[in-house]
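Asks: how would this look folded up:
(chains A, B, C and D)
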There are 2 protein chains.
Amino acid sequence: MKHIADSTVRRLSIYLRFLEEFEDRGLSTVSSEALARRGGTTSAQVRKDLSFFGSFGKRGLGYSVPELATALREILGLGRTWRVIIIGAGKIGAALAQYRGFAQRGFTIVAVFDTNPEKIGQTLEGVEIRDMSCLERDVSELRPDIAVLATPNEVAQSVLDRLACAGVKAVLNFAPAQLNAPADVTVKTVNMAMELEGLTFALTNRD
Amino acid sequence: MKHIADSTVRRLSIYLRFLEEFEDRGLSTVSSEALARRGGTTSAQVRKDLSFFGSFGKRGLGYSVPELATALREILGLGRTWRVIIIGAGKIGAALAQYRGFAQRGFTIVAVFDTNPEKIGQTLEGVEIRDMSCLERDVSELRPDIAVLATPNEVAQSVLDRLACAGVKAVLNFAPAQLNAPADVTVKTVNMAMELEGLTFALTNRD
DNA sequence: CTTAGCTTGTGAATGAATTCACAAGCCCTG
DNA sequence: CAGGGCTTGTGAATTCATTCACAAGCTAAG
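Replies: Numbers count the residues shown, from 1 in each chain, chains lettered A, B, ... in the order given. Here you go, the predicted model:
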């Protein structure tokens, strides 16, 4: 398949959210123009994004809301459940474990790992906290699809290396560190400090 | 000033982090090549990014680590403290209130708001939780620079409208909603669901 | 002082993403 | 069934971002 830009995938994700909103409101069809207005983009952008994956609309009419939603779920890989492990049972790890958006989208948390002996053996949202030193063994047993990295940033890179080595192919990183991973491992970093600095830059460099 | 791309600002933020790392290691100068290697980009990219703001290096030698760090802090608006309010004292709001990265970068949390009567009046990390219904009055009194939105997504848009109306010019949004704001209000959205879907897309559409 | 060895800063070239613009196609009305 | 009113899907044009490539300039050594 032709390479798809990151920005396109992010927008597809947004469109899906809007479609679900429209579905709840009982709308059965929607035009690229309506989708675009809701998301602050342009109708041409919407149509171009979709065109990479096929042809989903009817000329003169627009898109069927449920059909397009189904197609987007398929494209985004949301038609199945995904097994997730969380590394780090600290503040962020705990907040993530409770995050309801996970289950809603078909993500199942199958394990949480930590190094703190006081936490190991306890449960977080019904999931047992495991010993970090057994990471490799447990990963090969649990076969998670996605690992969420919520460790202190000093150890983030070494944990990522261990995960990559154990066969994990997708990592969502919350440590404020720039990580290097092999080409076959996809890493997405959520870095609040960076977003905040984007804001202070905008506030500082206003015309 | 010429318009600066978002991606450029994000990279400046990353460079600053590396410079601080180099400073800790006692390095006094650094080349664009070294900065690039650390961050997985190219030396030309580093130099181009910096060139938008001036000329910070010495040919043949590279950049002075502390001087470039200072220049970047200035550019990113980190040379002062910023007043932050957090809207929503739920899981995310509480996790953010405790986030140490805030204070480190000069962000001071001046208030937390919530609608829950049981939470109002209590404190979170030494900051009083205030009644959401007094938002406008308290904002005009406290004059925050940045608002962090950590509300349920159903109310995110209406809270944003109230904030914009009360004069807040920068918002960091954690609600998984696409928000519309006036042009003079900068909104950055941190949306975990979107990042996760970027991962499932990558896992699904691997060649 | 001169040469060798680096590294910056920046126009020019390339590549990527977005927007334009319009033919093709669907629905509804009469 | 023909015409008007919409809306899609998509090449072409444009805008934006990254990479190339090299003159200019600094340092150190002889």
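Asks: Name the spans of chain A whose pLDDT lies under the cut-off.
Replies: For chain A, the stretches with pLDDT under 70 are A:207.
Asks: Which residues of it lie near DNA strand D?
Replies: Neighbours of DNA strand D within chain A, by Cβ under 7 Å from any atom of the strand: A:31-33, A:43-44, A:47-48, A:50-51, A:55-63. All C-beta atoms are positioned from the backbone trio N, CA, C, and that covers glycine.
Asks: Go through chain A and flag its longest strand.
Replies: Once chain A is assigned using DSSP state E, the strand that runs over the most residues is strand A:107-114.
Asks: so what does that one touch, helix or strand wise?
Replies: Here strand A:107-114 touches strand A:82-87, helix A:91-97, strand A:127-131, helix A:135-142, going by 3 or more Cβ pairs under 8 Å, 6 or more residues apart in numbering or on different chains; DSSP states H and E.
Asks: what's the offset of the helix or strand just after the second one from the middle of its chain?
Replies: What that stands for is helix A:91-97. Downstream of helix A:91-97, the next assigned helix or strand under DSSP states H and E is helix A:100-104. How far helix A:100-104 lies from its chain's middle: 11 Å, per Cα atoms, centre = their mean, to the nearest Å.
Asks: quick one: buried residues of helix A:100-104?
Replies: For helix A:100-104, burial by neighbour count (16 or more other Cβ atoms under 10 Å in any protein chain shown) applies to residue A:102.
Asks: about what we covered before: could you restrict the residues of chain A next to DNA strand D to the ones contacting DNA strand C?
Replies: A:44, A:47-48, A:58-61.
Asks: looking at those residues, which has the most residues close by?
Replies: Most neighbours among these, by other Cβ atoms under 10 Å in any protein chain shown: residue A:47, with 18 neighbours.
Asks: ok now do the nearest residue to residue A:94 once chain neighbours are set aside, which residues does it touch?
Replies: Nearest residue to residue A:94, sequence neighbours excluded (Cβ to Cβ, 6 or more residues apart in numbering or on different chains): residue A:124, at 6.0 Å. By Cβ atoms under 8 Å, 6 or more residues apart in numbering or on different chains, the contact set of residue A:124 is A:89, A:93-94, A:97, A:112.
Asks: Give me the most central residue, chain A.
Replies: With distances taken as Cα atoms, centre = their mean, residue A:172 lies nearest the centre of chain A, 7.0 Å away.
Asks: As PDB, could you dump the C-alpha coordinates of stretch A:120-139?
Replies: Taking Å, rounded to 0.1, in the frame of the first residue of the first chain, the C-alpha atoms of stretch A:120-139 are listed here in PDB:
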ATOM      1  CA  ILE A 120       3.800  -6.100  43.000                       C
ATOM      2  CA  GLY A 121       1.000  -8.600  43.700                       C
ATOM      3  CA  GLN A 122      -1.600  -5.900  44.300                       C
ATOM      4  CA  THR A 123      -4.300  -5.200  41.700                       C
ATOM      5  CA  LEU A 124      -5.200  -2.200  39.700                       C
ATOM      6  CA  GLU A 125      -8.600  -2.200  38.200                       C
ATOM      7  CA  GLY A 126      -8.800  -5.900  38.600                       C
ATOM      8  CA  VAL A 127      -5.500  -6.500  36.900                       C
ATOM      9  CA  GLU A 128      -2.500  -7.900  38.800                       C
ATOM     10  CA  ILE A 129       0.600  -5.800  39.100                       C
ATOM     11  CA  ARG A 130       3.500  -8.000  38.000                       C
ATOM     12  CA  ASP A 131       7.200  -7.900  38.700                       C
ATOM     13  CA  MET A 132       9.100  -6.000  36.100                       C
ATOM     14  CA  SER A 133      12.000  -8.400  36.300                       C
ATOM     15  CA  CYS A 134       9.800 -11.100  34.700                       C
ATOM     16  CA  LEU A 135       8.800  -8.800  31.800                       C
ATOM     17  CA  GLU A 136      10.300 -10.900  29.100                       C
ATOM     18  CA  ARG A 137       8.800 -14.200  30.300                       C
ATOM     19  CA  ASP A 138       5.400 -12.600  30.900                       C
ATOM     20  CA  VAL A 139       5.400 -10.900  27.500                       C
END
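Asks: Residue of chain A nearest DNA strand C, please.
Replies: As assessed by Cβ to the nearest atom of the strand, DNA strand C sits closest to residue A:60 within chain A, at 2.4 Å.
Asks: where does that residue land in three-state SS?
Replies: Three-state assignment for residue A:60 (DSSP: H, G, I helix; E, B strand; the rest coil): coil.
Asks: Check chain A for its longest helix and report it.
Replies: Secondary structure of chain A per DSSP state H: the longest helix is helix A:6-24.
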